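Asker: Coordinates for the following, if possible.
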Amino acid sequence: MGTKISRRVLLLGSILLFSGQVDARGGRGGRSFGRGGRGGRGGTFAGFLWIIGIGGVFFGWLNIQSRKEAKQRAHLLAIEKARLEEIERSKPPKTEWESLGLCLLCGSPMTVRIAKVGKRRGTKFLGCTSYPRCAGTRKFTAGAPGG
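Answerer: Predicted structure coming up:
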């Protein structure tokens, strides 16, 4: 993104630098940056430098904003990682997941669901409560935990 904007700034600056048109009286038409008058091109280079300076301020501001966002993202990722580690510590060992009626893929509780489409439409099955993040399923048996 920065290269596209800087190219635009340089293009605009070069247009300003070379667009010093001389009117019939030898002066510059319109408003000029800095000097003006009979030279025809007075102040055009100063305008170019002014635009480059504004571009530098803008790019500096973008750099500061991107650093702030990176710090915020890192902080949020650290919080999320700590939360997930706490969840993992609170789960029982994987060897007990099936007997407790937990999903074999992620360890979340299973719930009874009814198939709505397909050749098993209308039949009950156990589905993971964290669907669609986890698509764990099991056959439903009346005496099984979670059912």
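
Asker: Report how many residues lie close to residue 98.
Answerer: Per other C-beta atoms under 10 Å, the neighbour tally for residue 98 reads 15. In this view, the C-beta of every residue, glycine as well, is placed from N, C-alpha and C.

Asker: Just say helix, strand or coil for it.
Answerer: Following DSSP: H, G, I helix; E, B strand; the rest coil, the label given to residue 98 is helix.

Asker: wait, it sits on residue 110?
Answerer: No - the criterion here is C-beta atoms under 8 Å, and residue 98 misses it with residue 110 at 9.9 Å.

Asker: For the longest helix belonging to the chain, enumerate the helices and strands it packs against.
Answerer: The residue-count maximum for a helix in the chain (DSSP state H) belongs to helix 44-90. Packing partners of helix 44-90 (3 or more C-beta pairs under 8 Å, 6 or more residues apart in numbering; DSSP states H and E): helix 2-18.

Asker: Okay, domains of this structure per the record?
Answerer: 2-90, 94-139 (automatic domain parsing).

Asker: Number of residues surrounding residue 102?
Answerer: Counted with other C-beta under 10 Å, residue 102 comes out at 22.

Asker: who's it bridged to?
Answerer: residue 109 (DSSP bridges).

Asker: State the pLDDT value of it.
Answerer: For residue 102, the model assigns a pLDDT of 86.

Asker: doesn't residue 108 make contact with it?
Answerer: Yes - assessed by C-beta under 8 Å, residue 102 is found in contact with residue 108 at 6.6 Å.

Asker: Surely residue 142 is in a strand?
Answerer: No - per three-state DSSP, residue 142 lies outside any strand segment and is coil.

Asker: Can you give me every residue that contacts residue 130?
Answerer: Counting by C-beta atoms under 8 Å, 6 or more residues apart in numbering, residue 130 touches 103, 106, 108.
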